[in-house]
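When you get a sec, could you give me coordinates for this:
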Amino acid sequence: MDNAYDGESGLYMAEVNEYDLIVLDLMIPKIDGLEVLRRVRGDRNNVPILVLTARGSVEDIVRGLDAGCDDYLTKHSNSWNS
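Below is the predicted model:
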């Protein structure tokens, strides 16, 4: 398992490595996740991409799916007290 902490290094890793799956956050520094997704798909890379992000509006989901992600999941904070 590899980790990239910004879009620039994530994009590079996707270009030089072969992955079974990419889990991608949209809110990452340098190059945002949506642009990483577009560039990976623009390179004809068909690796499955799961977007896992805090951006959960309908517009965000549509943008992610239109850009080529295979699935889109939102992170939700839990406000339950124990």
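
okay, CA-based contacts and neighbour counts for the rest of this
Noted.

and residue 46, what element?
Following DSSP states H and E, one finds residue 46 outside all helices and strands.

Check the gap between it and residue 30 for me.
Going from residue 46 to residue 30 by CA to CA, to the nearest Å gives 23 Å.

Likewise for residue 20?
Distance from residue 20 to residue 30, by CA to CA: 24 Å.

pLDDT at the spatially most central residue of the chain, what is it?
Closest to where the C-alpha atoms of the chain average out (CA atoms, centre = their mean) is residue 24, at 2.4 Å. Looking at residue 24, its pLDDT stands at 95.

I'd assumed residue 33 was in contact with it.
Yes. Between residue 24 and residue 33 there is a contact under CA atoms under 8 Å: 6.5 Å.

More neighbours: which of residue 46 and residue 30?
When neighbours are counted by other CA atoms under 10 Å, residue 46 and residue 30 differ, and residue 46 comes out ahead with 15 against 11.

mind checking the SS state of residue 27?
With DSSP: H, G, I helix; E, B strand; the rest coil as the basis, residue 27 sits in coil.

Can you get me a residue count around the nearest residue to it once chain neighbours are set aside?
Nearest residue to residue 27, sequence neighbours excluded (CA to CA, 6 or more residues apart in numbering): residue 33, at 6.1 Å. Look at residue 33: counted by other CA under 10 Å, it has 23 neighbours.

Which phi and psi values does residue 33 adopt?
Taking degrees, to the nearest 10, you get phi -60, psi -30 for the backbone angles of residue 33.

my read: it touches residue 11, true?
No. Here residue 33 does not reach residue 11: they are 9.2 Å apart, not a contact under CA under 8 Å.

What ranges in this structure fall below the confidence cut-off?
The chain contains residues with pLDDT under 70 at 77-82.

do that again at 50, thanks
82 (pLDDT under 50).

Tell me who's in contact with residue 67.
Residues near residue 67 by CA atoms under 8 Å, 6 or more residues apart in numbering: 34, 37, 38, 41.
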